[in-house]
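>>> below is the sequence, then the predicted model.
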Amino acid sequence: MIIKHMAEEIYKPRGVDPDKYVCHRCSNSSKRYFYKYYSEFHGTDVVYCLKCVNIGRSDSVTPLRVVRASPKPEPCRYHLGFELSPAQKSASDKIIEALEANKNLLLYAVTGAGKTEITFEAISLARQRGLNVAFVSPRIDVIKEVYLRLTDAFREVDIELLYSGVKVEFEHRFTVCTVHQLYNYIDHFDLIIVDETDAFPMPADSQLMNAVTRAASGKSTIVLMTATPDRKMIDFVGHENVVSLTRRYHGHDLAIPKVVWQSVTKDIRRQRLPKKLERLIDDIIRADRRVLVFLPEISLMEKLYPLVAEKFPDSDSVYSGDEERAAKVEDMRNDRTKVLLTTTILERGVTFKGLDVIVVNAEMFNTDSLVQICGRVGRKTDDPTGNIWLMAGHNTGHIRQTIRIIKNFNAGKTTI
Ligand SMILES: [Zn+2]
């Protein structure tokens with residue numbers, strides 16, 4: 001079923017139960033995530049849910065309406081410009097086996113393993129059988145990138161794209177969307193692929209995982225994909241259903257981060273560009289490469305940026321709310337920008353050629369973030385390695401664990 005405002009069939013006479021404070025769309029039941037006001041029009045109090053309001057309002061005076069979609073098979077051919085590596089092929093077969101057996105699966109894959117392409121065969125097979133497919137992620141950046149790759153490969157197929165404010169809608173049979181959008185689906189998708197399962201806000205919000213399971217049909221397969229699985233994800237699929245992919249598609253080792261012991265705070269406070277940082281950036285530019293400089297917070301970035309830009313004119317900075325974000329990323333891609341300061345917003349979903357990475361105040365990042373950030377370098381076959389520097393005032397468990405995970409990947413071992 002798909003929840004739709006103008007649909008005929010009524011699923012629940014009202015979206016929110018105003019006495020129990022329960023939202024029938026997203027299952028929110030914590031009172032602080034509801035808003036109550038008196039409506040002149042309805043002549044009564046109206047309670048609406050704040051948790052799912054960004055996908056349309058669910059309230060105590062409006063019924064939840066649904067449409068049902070009947071299965072519709074289609075040929076669903078795809079085109080891939082290269083051949084899967086033996087490891088990718090074997091992972092692809094495992095997803096197909098899971099689909100045949102209606103089992104869930106965890107794909108534990110190193111960053112840059114070519115995870116998206118591994119799912120194509122299962123997606124194609126599912127659609128040929130009339131099964132509904134969703135490719136979801138908590139992160140909008142990831143969704144946009146995946147959508148481009150899917151539309152490029154599945155050229156004769158209608159693929160939906162849904163995230164806040166954007167709607168490319170067809171018949172809900174092959175949907176790419178944020179996890180939040182799944183609140184509108186009940187018992188609908190037969191194959192759900194969740195990319196970057198570890199990304200915020202997924203681990204903190206068990207309700208989002210519930211949205212995935214509720215959107216899944218009775219006989220379904222949920223594939224979780226991540227580079228840093230946690231106990232909950234493994235328990236969800238069962239230990240025997242974990243498939244690991246420890247090599248990148250091009251077969252080269254991952255770069256091991258080098259730690260530079262240096263706190264930048266004092267220099268930045270005195271409006272000086274930290275010497276070690278300047279030397280690192282300088283070396284990178286001289287080597288005709290470019291660099292993403294990751295910072296833990298916007299305020300620090302705003303202070304550091306003018307200091308960097310003074311020495312390195314081809315610099316820029318970007319953060320999540322930045323209206324020129326897309327253009328700035330494009331400038332980096334086209335080599336107009338050599339040094340891009342960024343918050344964690346670019347830790348996933350972006351690929352640049354000839355890229356090195358510096359993390360400033362690395363002691364403030366967690367393992368998931370650091371693994372993703374390190375995964376930005378060496379993603380291209382013609383530039384399979386890269387350099388990563390973690391600048392930290394002191395060592396942390398997260399830094400040690402990140403280096404351990406990456407070394408284990410290179411040794412063909414997984415760290416669960
Ligand atoms: Zn809700």
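Looks like it came in fine. Remember, it's a predicted structure, so these values are computed and weren't measured experimentally.
>>> make it CA atoms for all contacts and neighbour counts henceforth
Noted.
>>> tally of neighbours for the closest residue to the ion within the stretch 201-350 of the chain?
Nearest residue of the stretch 201-350 of the chain to the ion (C-alpha to the ion) works out as Gln207 at 10.3 Å. By the criterion of other C-alpha atoms under 10 Å, Gln207 has 17 neighbours.
>>> what sits against it?
26-28 (C-alpha atoms under 8 Å, 6 or more residues apart in numbering).
>>> ok, and the most crowded of the residues you listed?
Result: Cys26 is most packed of these (other C-alpha under 10 Å), 25 neighbours.
>>> so which strand or helix has that residue?
Per DSSP states H and E: Cys26 is located in neither a helix nor a strand.
>>> that one touches Cys52, doesn't it?
Yes. Counting by C-alpha atoms under 8 Å, Cys26 touches Cys52, with 6.4 Å between them.
>>> shared neighbours, these two?
Common neighbours of Cys26 and Cys52, using C-alpha under 8 Å, 6+ apart, are Tyr183.
>>> tell me the mean pLDDT over stretch 190-202?
What stretch 190-202 shows for mean pLDDT is 83.
>>> now Thr381. Its backbone dihedrals?
phi -60, psi -40 (degrees, to the nearest 10).
>>> next secondary structure after the one helix or strand Leu300 maps to?
Leu300 is located in helix 298-311, with elements delineated by DSSP H and E. Once the chain leaves helix 298-311, the next helix or strand it forms, by DSSP H and E, is strand 315-318.
>>> that following strand packs against which elements?
helix 298-311, helix 325-333, strand 339-342 (3 or more C-alpha pairs under 8 Å, 6 or more residues apart in numbering; DSSP states H and E).
>>> mean pLDDT for those: which is lowest?
helix 325-333 (a mean of 92).
>>> residue of the stretch 101-250 of the chain nearest the ion, please.
Tyr183 (8.0 Å).
>>> ok, that residue touching Met209?
No. At 10.6 Å, Tyr183 does not count as touching Met209 under the criterion of C-alpha under 8 Å.
>>> the more surrounded of those two?
Ranked by neighbour count (other C-alpha under 10 Å), Tyr183 and Met209 place Tyr183 first, with 22 against 19.
>>> looks to me like that one is in a helix.
Yes. With DSSP: H, G, I helix; E, B strand; the rest coil as the criterion, Tyr183 is assigned to a helix.
>>> contacts only, for the residue of the stretch 101-250 of the chain closest to the ion.
25-26, 52, 211, 215 are the contacts of Tyr183 under C-alpha under 8 Å, 6+ apart.
>>> how far off centre is stretch 160-180?
Distance of stretch 160-180 from its chain centroid, counting by C-alpha atoms, centre = their mean, to the nearest Å, is 15 Å.
>>> list the buried residues in it.
Using 16 or more other C-alpha atoms under 10 Å as the test for burial, stretch 160-180 gives 160-163, 172-180.
>>> Tyr35 against Lys51, yeah?
No. Using C-alpha under 8 Å, Tyr35 is not in contact with Lys51; the gap is 10.2 Å.
>>> model confidence for Thr385, exactly?
Predicted confidence (pLDDT) for Thr385: 86.
>>> separation between it and the ion?
Using C-alpha to the ion, to the nearest Å, we find Thr385 at a distance of 45 Å from the ion.
>>> ok, that residue touching Gly375?
No. With contact defined as C-alpha under 8 Å, Thr385 does not reach Gly375; the gap is 10.3 Å.
>>> neighbour count: the two, which is higher?
Gly375 (25 against 19).
>>> nothing else from me, thank you.
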